[in-house]
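In: quick one: sequence plus predicted model below, questions after.
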Amino acid sequence: MDLTAKLEVFSGVELINLISQGKRTGVLYFDISGEKGELCFNEGVPVHAAYKSLFGEEALYNIMIEKQGTVSFKDNLPVKEHTIQNGNTAELMNQIEKRKVEFDDLAKRLPPFEAVLEKRADGIGENISLRKSDWAVIRIVDGRKNIRTVIKESKLPLLEAYKTLEYLLSKGMIFDKSQSERLKQILLTSMNNILDAFSIKGANTKDWALALIDMIMGSGYETIGGMIKYSNDSLSAEESIVKVIDEEKVEKIKKLLYKASLEKASGDLGQMIAKKKYKELMQKEGVSDGTF
């Protein structure tokens, strides 16, 4: 019963079920983006698996997660190695399903595969230790390669690559450039909305712009504040700001700017006018009561 199939059509689990039901002895060969793997059966029971640097059950679980590639089964080939200790096929299948659930959950928490990753400018924190898999990913991230390419070039098993990416993203050591570009625009939009709300163009717009930058720098965000510039009645930012901002920082900066700008406007314009303009600003920002 030799056969050839695509994993996009027949999953690894379906092929195991087919071979197990037929009590076949032979080898299931995998070719996944040039990476080779094999799963050996003795009378329908998986007894050996090898994939990338893994052997045994870990190799089996990781190769079963793959959804793209080609696979071929060679019948009646003798089994020379036994690296899978669990001879209960049902238990192995249950573990495979658990790994698939874990894998799908990780996939939902990662950016799209086409997202381009970049390293943080401030590097690795003092309390963060890196594993071998972390270095395998970080050395590839260069601000040009997307997640799909990083996974492929890391040579890590897919589940391990997903776990590593999720860890590095959660610790802020790498980031999705498109997401940071979006955060940059969110911050600049809010700052320019504050300028429009409280300054008088042609009179004190520059003073207000510089005051907003000082508010940021005086609140512990010197690097971010130093990358924001004023020209032509509006604020802009250096491209490299995407390496130092994240969602938490942007939300905190916006919140402190709302409060500080209201205080400044109350002194410049009087409380009644300042509160009226502040309310209009909050409506424009989509914040109904002036708080997050």
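Out: Right, received. Where do you want to start? The structure presented is a predicted model; accordingly, all values stated were derived computationally and were not measured. Numbering: from 1, shown residues only.
In: the domain parsing of this structure - what is it?
Out: As recorded under automatic domain parsing, the domains making up the chain are 3-107, 117-172, 178-285.
In: the shortest one spans what distance, first to last residue?
Out: In domain 117-172, first residue to last residue: 11 Å (Cα to Cα, to the nearest Å).
In: pLDDT averaged over that domain - what is it?
Out: Domain 117-172 shows a mean pLDDT of 85.
In: ditto for stretch 28-38
Out: So the average pLDDT for stretch 28-38 ends up being 91.
In: list the buried residues of that stretch.
Out: By neighbour count on 16 or more other Cβ atoms under 10 Å, the buried set for stretch 28-38 is 28-30, 32, 35, 37-38. (Each C-beta comes from the backbone N, C-alpha and C, glycine too.)
In: just flag the most distant two among those residues.
Out: Maximum pairwise distance in the buried residues of stretch 28-38, criterion Cβ to Cβ, is 14.7 Å, between 28 and 35.
In: what about the strands in this protein?
Out: Assigned by DSSP state E, the strands in the chain fall at 3-6, 26-32, 35-42, 45-51, 54-55, 70-75, 117-119, 174-176, 228-231, 234-237.
In: which residues are contacting the first one?
Out: If you take Cβ atoms under 8 Å, 6 or more residues apart in numbering as the criterion, strand 3-6 is touched by 15, 69-73.
In: now list the buried members of those.
Out: 15, 69, 71, 73.
In: ok, these vs residue 176, which is closest?
Out: Distance to residue 176 across the buried ones among the contacts of strand 3-6 (Cβ to Cβ) is lowest for residue 69, with 26.3 Å.
In: so for residue 102, which of the strands of the chain sits nearest?
Out: strand 54-55 (16.0 Å).
In: for that closest one, the distance to its chain's centre please.
Out: Taking Cα atoms, centre = their mean, to the nearest Å, one finds strand 54-55 lying 26 Å from the centre of the chain it belongs to.
In: and stretch 152-170, by the same measure?
Out: 10 Å.
In: where along the stretch 151-292 of the chain do the helices fall?
Out: Remark: helices assigned in the stretch 151-292 of the chain by DSSP state H, counting those that start in this stretch are 158-170, 177-198, 205-217, 222-226, 247-269, 271-285.
In: about what we covered before: and of the strands of the chain, who's closest to residue 133?
Out: From the strands of the chain, taking Cβ to Cβ, the stretch that ends up closest is strand 54-55, at 12.3 Å.
In: just the contacts of strand 3-6 now: which is nearest residue 272?
Out: residue 69 (68.7 Å).
In: turn the strands of the chain into JSON lines, columns for distance to residue 267.
Out: Conversion of the strands of the chain to JSON lines gives the following (distance: least, Cβ to Cβ, whole Å):
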{"stretch": "strand 3-6", "distance to residue 267": "70"}
{"stretch": "strand 26-32", "distance to residue 267": "65"}
{"stretch": "strand 35-42", "distance to residue 267": "65"}
{"stretch": "strand 45-51", "distance to residue 267": "67"}
{"stretch": "strand 54-55", "distance to residue 267": "66"}
{"stretch": "strand 70-75", "distance to residue 267": "71"}
{"stretch": "strand 117-119", "distance to residue 267": "41"}
{"stretch": "strand 174-176", "distance to residue 267": "38"}
{"stretch": "strand 228-231", "distance to residue 267": "21"}
{"stretch": "strand 234-237", "distance to residue 267": "21"}
